[in-house]
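Q: Using only what follows, build the 3D model:
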Amino acid sequence: MRNAVTTEKEEVVSLMPDATSISSVRDRRWWILGVVGLAQLMVVLDATIVNIALPSAQRALGFSNTDRQWVVTAYALAFGGLLLLGGRLSDLVGRRTMLIIGLVGFAAASALGGAATSFAVLVIGRGAQGAFGALLAPAALSTLTVTFTDPADRGRAFGVYGAIAGAGGAVGLLLGGVLTEYLSWRWCLYVNVILAAIAVAGAVRLLASQPRDPGVRIDWPGTVLSVAGLVAVVYGLSEAATKSWSAPETIVLLVAGVVLLAAFVLVEQRVAHPLLPLRIVLNRFRGGAYLAIGLSAIGVFGVFLFLTYYLQLTLAYSPVKSGVAFLPMIAALVAASTISSGVLPRVGPRPLLPLGMLIAAGGLAILAAQLGLRTSYLDWILPAQLLLGVGLGVVIGCALNTATYGSGAADAGVGSALVNTNQQVGGSIGTALLNTIAASALASYLVTHGHSPLALADAAVHSYVVAFWVSAGIFAASAVVCALVLPSGTLAPAAGQAAPPVTVTKEEMSVRDR
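A: From the prediction side, this is the model:
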């Protein structure tokens with residue numbers, strides 16, 4: 001009898017979570033953050049790394065300047081158009097499944113593009129990258145959302161994730177320069193195969209399977225309207241960037257996109273299982289965060305594009321040196337994102353998001369005021385970059401945390417997809433708007449100053465200055481808008497938000513609990 005009792009006690013103890021197993025579970029979350037961060041880095045890298053490789057790819061494959069835009073546009077159209085569907089599929093079939101499918105598909109598409117022997121194959125590969133990226137990005141962010149529910153740990157996790165999301169573009173410039181200069185433009189695509197292999201191995205090992213949610217259905221009318229509307233808007237903005245805002249194609253596409261998206265909102269109010277439940281957007285915390293993400297994406301475009309042009313074309317930096325020049329901004333962004341995300345649970349997003357936007361506006365204003373043909377990097381560009389990094393870190397880290405907080409597991413995928421949709425559409429607007437403004441400033445300067453070599457160089461700098469002033473104005477105006485939209489107070493979990501796990505000690509368990 002005693003042996004039986006002893007055996008039963010030993011069996012009970014073996015089923016109890018000890019300090020080591022509890023610590024292991026908590027440690028696993030940070031490994032999951034690594035997998036999710038790597039997946040997000042792949043998506044963000046491709047926004048800039050391929051731009052560095054484009055001139056070399058154009059020479060190798062022999063396509064025209066007119067066709068070159070399709071290498072970027074094919075990715076943007078597929079990614080922006082399919083994000084909401086990708087988010088809902090993540091809620092329907094499971095975040096783990098969609099994350100792995102997205103990673104494998106993204107790697108295969110990257111390999112296809114890297115091995116392209118013709119322009120058509122390269123564009124097909126880029127389009128496939130965008131499509132699988134639309135599956136990958138929402139699954140990654142929603143995995144993070146449901147993994148970290150404790151406010152303190154959530155703040156740190158979203159700080160790291162926000163730093164990756166914000167700094168990935170600059171990392172792409174550096175990595176693209178290194179790969180193109182020392183290996184080949186094809187490695188700007190092949191590198192995704194290596195990153196995806198690591199991420200897939202981690203996802204298979206660390207993520208638990210998620211059962212199919214019977215309460216989630218695909219809203220096909222809403223899906224068709226959202227995909228068509230987003231593709232029309234993104235394509236229209238790309239046409240505005242390469243042609244003009246007054247071009248017939250631009251006007252038709254943008255008007256059609258707005259009409260289709262308006263119809264999408266009307267449909268979502270009436271269907272039983274909407275693709276985008278409007279409650280996600282109508283919450284003022286989340287709605288304000290989505291607005292902050294979109295507005296900052298418009299303004300931040302000038303940081304990477306025009307500052308890269310200035311460093312390489314005016315100061316004659318190599319691609320690698322230009323990438324290294326962005327590293328201080330990346331460091332500041334990482335630090336600010338992590339720190340501000342830790343402060344967010346105590347003060348709420350309303351004071352932090354406008355503050356971050358004003359700091360970023362200050363950095364852009366310094367660039368606009370001091371940029372010239374021989375501006376010192378250490379005296380002016382570096383301090384401006386540090387301010388930009390701090391401002392962007394605060395905005396991105398806090399906005400990502402707020403936009404996905406309290407949405408509940410059933411809506412985590414589509415809520416995360418909306419984050420990426422705002423970034424994509426905001427970036428497209430920034431591309432078209434600032435390119436148009438800079439081109440107009442360049443042309444006006446040449447009309448009044450002639451076309452001598454010095455005038456051409458001055459005109460280029462003048463166009464960058466105007467773009468930086470406009471970007472600074474966008475950030476300053478966005479700070480006011482977000483301060484008005486966001487409510488006061490701190491974040492609180494919505495109904496259905498998972499509560500932090502409760503630790504149970506051996507002493508609190510009994511034979512009955514077994």
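
Q: State the mean pLDDT of stretch 465-475.
A: Average pLDDT, stretch 465-475: 91.

Q: my bad, should have said stretch 74-85
A: pLDDT averaged over stretch 74-85 gives 82.

Q: What are the buried residues along it?
A: Neighbour counts over stretch 74-85 (16 or more other C-beta atoms under 10 Å) mark Ala74, Tyr75, Ala76, Leu77, Ala78, Phe79, Gly80, Gly81, Leu82, Leu83, Leu84, Leu85 as buried. Using the backbone N, CA and C atoms, a C-beta is placed for each residue, glycine as well.

Q: Kindly report the same for stretch 383-398.
A: Quick answer for stretch 383-398 (16+ other C-beta under 10 Å): 384-398.

Q: Give me the distance from it to the chain's centre.
A: Stretch 383-398 has its C-alpha centroid displaced from the chain centroid by 15 Å (C-alpha atoms, centre = their mean, to the nearest Å).

Q: hmm, which two among the buried residues of stretch 383-398 are most spread apart?
A: Ala384 and Cys398 (21.7 Å; C-beta to C-beta).

Q: sorry, back to before: for the buried residues of stretch 383-398, point out the one with the lowest pLDDT.
A: Gly397 (82).

Q: secondary structure class for Val271?
A: coil (DSSP: H, G, I helix; E, B strand; the rest coil).

Q: So which elements touch the lengthiest helix in the chain?
A: Looking across the chain with DSSP state H, the single longest helix is helix 412-449. On a contact count with 3 or more C-beta pairs under 8 Å, 6 or more residues apart in numbering; DSSP states H and E, helix 412-449 meets helix 65-93, helix 95-114, helix 119-147, helix 220-242, helix 278-282, helix 284-309, helix 382-403, helix 453-485.

Q: So which of these is the most surrounded?
A: Each of the helices and strands packed on helix 412-449 was scored by mean neighbour count; the highest is helix 382-403, a mean of 27, by mean count of other C-beta atoms under 10 Å.

Q: picking that back up, now flag whichever of the buried residues of stretch 383-398 is closest to Tyr190.
A: Ile396 (28.1 Å).

Q: who touches that closest one in this structure?
A: Gly162, Ala163, Ala165, Gly166, Ile293, Ser296, Leu333, Ser337 (C-beta atoms under 8 Å, 6 or more residues apart in numbering).

Q: can you tell me how far it sits from Ile164?
A: Separation of Ile396 from Ile164 (C-beta to C-beta, to the nearest Å) stands at 9 Å.

Q: Equivalent analysis for Phe106, please.
A: Separation of Phe106 from Ile164 (C-beta to C-beta) stands at 16 Å.

Q: Check Asp67 too.
A: Asp67 is 32 Å from Ile164, by C-beta to C-beta.

Q: got it, and Val93?
A: 25 Å.

Q: Return the alpha-carbon coordinates of stretch 32-52 using PDB.
A: Written as PDB, here are the backbone C-alpha positions of stretch 32-52 (Å, rounded to 0.1, in the frame of the first residue of the first chain):
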ATOM      1  CA  ILE A  32       9.300  32.800 -30.600                       C
ATOM      2  CA  LEU A  33      10.000  36.600 -30.800                       C
ATOM      3  CA  GLY A  34      13.300  35.700 -32.600                       C
ATOM      4  CA  VAL A  35      11.400  33.700 -35.200                       C
ATOM      5  CA  VAL A  36       8.700  36.300 -35.600                       C
ATOM      6  CA  GLY A  37      11.300  39.100 -35.800                       C
ATOM      7  CA  LEU A  38      13.300  37.200 -38.500                       C
ATOM      8  CA  ALA A  39      10.100  36.700 -40.500                       C
ATOM      9  CA  GLN A  40       9.300  40.400 -40.300                       C
ATOM     10  CA  LEU A  41      12.800  41.400 -41.200                       C
ATOM     11  CA  MET A  42      12.500  39.400 -44.500                       C
ATOM     12  CA  VAL A  43       9.400  41.400 -45.400                       C
ATOM     13  CA  VAL A  44      10.800  44.800 -44.500                       C
ATOM     14  CA  LEU A  45      14.200  44.100 -46.100                       C
ATOM     15  CA  ASP A  46      12.600  43.600 -49.500                       C
ATOM     16  CA  ALA A  47      11.300  47.100 -49.400                       C
ATOM     17  CA  THR A  48      14.800  48.500 -49.900                       C
ATOM     18  CA  ILE A  49      17.300  45.700 -50.500                       C
ATOM     19  CA  VAL A  50      16.000  45.100 -54.100                       C
ATOM     20  CA  ASN A  51      16.200  48.900 -54.900                       C
ATOM     21  CA  ILE A  52      19.900  48.700 -54.300                       C
END
